[in-house]
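Visitor: Would you be able to build a 3D model of this:
(2 chains)
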Amino acid sequence: MSATDVEQVQTGEQVLPFYIVCDESASMAYNGGIDAINNGLPDLHASIASDPLVNDKSRICLISFSDDAEVLCPLAPASDIDALPGVMEKGATSFSAVFRLLKTQIAQDIAMLRADGFQVFRPAVFFISDGEPTDSDWQDSHRELTDKSLNPHAPNIIAFGVDQADGDTIRQVGTIAAFLAEQDVNPGNALKEIMRALTNSILQSSSSSSPTLVIPPAPDGTISLPLDMMDET
Amino acid sequence: MGSLATLDSKGFNASRVTLTLGIAGVVGGLLGFGLGEIQIGDDGSRFFSNSVNAGSAVYFSLVLLGVGAALVASQGISQKNAQKAAETVLRSLPAILIGGAVAGFVAQILYTEMLNSDEIDEAIRLCSRQSDYACTAVDNLVRPARAIGWMIAGGLSGLALGIGFQSKKRMQNGVIGGAVGGLIGGLLFDSVDNIIGSGSAQPSRLVALLLIGALMGALIGLVDTLRTDMWLTVTSGEMTGQQFIIYDETTIVGCARNVPITILADRDVAEHHISISRVGGVTTFQCLPTASPITVNGSTSTSGSLSNGDIVTVGSTELRVGERTADSSSTAAPAATGQAHSDTTSRPDLYSHTPESKTPSSDSAPVQPSRSQPPPAPKKRPTIQMKPKD
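Guide: Prediction:
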């Protein structure tokens, strides 16, 4: 099974849903993260919407999280989006809240796309955070989201960590790739590069008639983290 | 972090301290009841059954182990700092156990001395004649002795709490709050029994200990609040909204779990980052060896003075200094030197209805914590226009 395996054999046009998940904790305002993401979103949108094939093959959803999680822009083709709510500084960093939301949201979106006759590839989540989770039990909700035996719609997660984010945590969040900004790189600049890498990944993944998730190379100023390997036993 | 909805944006959230300790006291009462039942056998004390004083010492020791441990642990738990909770409990354990034993022993002696058996016999006879099965006449004789016993127990439990935090002021607060809470709880103890009216004494003991625990916790919290002169409010980072009372003349701020003010989730904070000293109403700070300088209102410094409204950045975490001033008309503003904190220009007065941003006011009679400041306008989520399609 590839990273973008079709969840179920269906006829119809193929689409690859992308979920862009952004940390809105208070620290994101101080390190330039909020601005970097908000400034990067129009470029990301323009790149996708201006390429008809990419636009047809991809669907974009924007989710933010802090004390709780929120769908800022429901899953839609980029060309259908004229404006979207930006991310804003809020409070804490609840990973559980966003993992729970992702699980229910992805299930709903897939059901809707299928009802419209689409073949849906396994969704990709770009997860961006600048700090340590403030909830201690986030691993449980992460497992419920990503374990394919518990969640048939388990997405592939590419995790990006900047500023105070811990490498071990980001590595655990990412299921197929994880990147951590180097400590001497300004977090705002790192996030600009991450938004660029994320855009390129969506463009490359969706530029053929059969979308295939392309994992981006490590954005400038970040390092690629080795993911946890499962034991053979 | 929890919601900030109940917080005065600049003041001190007094009710949270009282509520936290009150809830901890209830939990402690439950624990204390469970532990105390170990000592209560079918025919009196399980241990030291031949000595009522020693038996009471064991009972109080076990009960206060539950109440005291819960009160001591509450701060660490509320800060999601399990290590701090465990360490403070361990540190205060000897004081709780010894204090409980002393309280029980002394209380039993006083209780026995204060009771006149002839008066009690007469009261029982009176109750029988009047068919007063609750026998309030006996309760009235027993109540003062029991109240004094619980007052001593409460005071010593509060002392143990202060020892757990190695804080002289918290010891004082604990003794005052714990003693008053214990006294009120002790006065109500027999009334609880009458209200419950169960055939077994167990339900009455449970409710009474829950009540005593809650009163001790809430009153220690109240005394803490009333005697708070200075506090820090975290205004950025993952701990936004968290408030720390500065209890003692010297307070260490750092990321270590065993310092009075622990800042979590900030790699730029050293284990022992700064020391805050408060002597004669003047507050100064000193960066500790190996710690990076901090900024005060945007100016980098390794030592200096602090006053109400100052914005201090330790590592990457921003803290606002709060100070209760004797003179509510004081309007000394922080030396805003660059950072966008010009809104923080007033001294919040814990016991004034005067809006914080206002100047002279002499009619601010002590009533209750200030809540008159309108809440900050909620931030508005930006709308991002997409670039026009080609």
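
Visitor: which residues of the stretch 151-300 of chain B fall in helices?
Guide: B:168-196, B:201-226 (DSSP state H, counting those that start in this stretch).

Visitor: Please read the previous query as pertaining to chain A.
Guide: For chain A, the helices defined by DSSP state H occupy A:27-30, A:33-49, A:52-57, A:95-115, A:138-146, A:167-173, A:187-205.

Visitor: Quick one, which of those helices gets closest to A:Asp68.
Guide: Proximity to A:Asp68, assessed across these by CB to CB, is greatest for helix A:95-115 (4.7 Å). For the C-beta atoms, the positions are set from N, CA and C on the backbone; glycine is no exception.

Visitor: Off-centre distance for the lowest-mean-pLDDT helix or strand in chain A?
Guide: Least confident element among the helices and strands of chain A, by mean pLDDT, DSSP states H and E: helix A:27-30 (a mean of 76). Relative to its chain's centre, helix A:27-30 lies at 20 Å (CA atoms, centre = their mean, to the nearest Å).

Visitor: Need the residues that contact that helix.
Guide: A:33-34, A:37, A:87, A:89, A:130-131, A:163-164, B:236-238, B:316, B:318 (CB atoms under 8 Å, 6 or more residues apart in numbering or on different chains).

Visitor: near chain B, which residues of chain A show up?
Guide: Within reach of chain B by CB under 8 Å from any CB of the partner chain, chain A has these residues: A:25-27, A:29-31, A:38, A:41-43, A:45-46, A:49-50, A:67, A:72, A:79, A:81-86, A:88-89, A:91-93, A:131-132, A:134, A:136, A:164.

Visitor: related to what we said a few turns ago, tell me which of the helices of the stretch 151-300 of chain B lies nearest to B:Ser15.
Guide: Closest among the helices of the stretch 151-300 of chain B, using CB to CB: helix B:201-226, at 8.3 Å.

Visitor: Packing partners of that closest one?
Guide: Counting contacts by 3 or more CB pairs under 8 Å, 6 or more residues apart in numbering or on different chains; DSSP states H and E, helix B:201-226 packs against helix B:14-39, helix B:52-78, helix B:136-164, helix B:168-196.

Visitor: The second one packs against which elements?
Guide: It refers to helix B:52-78. Using 3+ CB pairs under 8 Å, 6+ apart: helix B:52-78 touches helix B:14-39, strand B:44-45, helix B:82-114, helix B:136-164, helix B:201-226.

Visitor: Buried residues, it. List them.
Guide: Going by neighbour count (16 or more other CB atoms under 10 Å in any protein chain shown), the buried part of helix B:52-78 is B:54-78.

Visitor: which stretch in the helices and strands packed on helix B:52-78 has the least confidence?
Guide: Least confident of the helices and strands packed on helix B:52-78, judged by mean pLDDT, is strand B:44-45 with a mean of 68.

Visitor: from memory B:Ser78 sits against B:Ile23, does it?
Guide: No: using CB atoms under 8 Å, B:Ser78 makes no contact with B:Ile23, being 9.5 Å away.

Visitor: dump the residue contacts of the residue nearest the centre of chain B.
Guide: Closest to where the C-alpha atoms of chain B average out (CA atoms, centre = their mean) is B:Gly221, at 3.4 Å. Residues near B:Gly221 by CB under 8 Å, 6+ apart: B:Val17, B:Thr18, B:Leu19, B:Thr20, B:Leu21, B:Gly22, B:Gly177.

Visitor: The same query, at a cut-off of 7 Å, please.
Guide: By CB atoms under 7 Å, 6 or more residues apart in numbering or on different chains, the contact list for B:Gly221 reads B:Val17, B:Thr18, B:Thr20, B:Leu21, B:Gly22.

Visitor: ok, the spatially closest residue to B:Glu87 that is not a sequence neighbour to chain A distance?
Guide: In this structure, B:Glu87 finds its nearest non-sequential neighbour in B:Asn258, 5.5 Å apart by CB to CB, 6 or more residues apart in numbering or on different chains. B:Asn258 is 20 Å from chain A, where distance means CB to the nearest CB, to the nearest Å.

Visitor: Number of residues surrounding B:Asn258?
Guide: Other residues near B:Asn258 number 17, with proximity taken as other CB atoms under 10 Å in any protein chain shown.

Visitor: Also the one 5 residues further on?
Guide: Burial measure for B:Ile263: 26 neighbouring residues, criterion other CB under 10 Å.

Visitor: B:Gly28 touches B:Ala70, doesn't it?
Guide: Yes: look at B:Gly28 against B:Ala70 with CB atoms under 7 Å: they come within range, at 3.0 Å.

Visitor: give the contact list for the closest residue in space to A:Asp109 that isn't next to it in sequence.
Guide: Distances taken as CB to CB, 6+ apart place A:Leu75 nearest to A:Asp109, at 4.5 Å, with adjacent residues excluded. Residues near A:Leu75 by CB under 7 Å, 6+ apart: A:Pro17, A:Arg59, A:Ile60, A:Cys61, A:Asp109.

Visitor: quick one: which of the residues you listed is nearest to B:Glu323?
Guide: A:Cys61 (46.8 Å).

Visitor: The closest one contacts A:Tyr19, correct?
Guide: Yes: at 4.8 Å, A:Cys61 counts as touching A:Tyr19 under the criterion of CB under 7 Å.

Visitor: These two: which is more packed in?
Guide: A:Tyr19 (24 against 21).

Visitor: doesn't A:Ser64 make contact with the more buried one?
Guide: No: applying CB under 7 Å as the test, A:Tyr19 and A:Ser64 come out as separate, 11.2 Å apart.

Visitor: winner for burial among the helices of chain A?
Guide: Of all the helices of chain A, helix A:27-30 has the most neighbours on average by mean count of other CB atoms under 10 Å in any protein chain shown, namely a mean of 24.

Visitor: Using CSV, write out every CA atom in that helix.
Guide: This file holds the C-alpha atoms of helix A:27-30, laid out as CSV (Å, rounded to 0.1, in the frame of the first residue of the first chain):
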residue,chain,number,x,y,z
SER,A,27,3.5,31.9,21.5
MET,A,28,2.8,31.8,17.8
ALA,A,29,2.1,35.5,17.9
TYR,A,30,5.5,36.3,19.5
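
Visitor: Return the distance of the most centrally placed residue in chain A relative to A:Leu213.
Guide: Note on chain A: the residue nearest the mean C-alpha position is A:Phe126, at 1.8 Å, using CA atoms, centre = their mean. For A:Phe126, the distance to A:Leu213 equals 11 Å [CB to CB, to the nearest Å].
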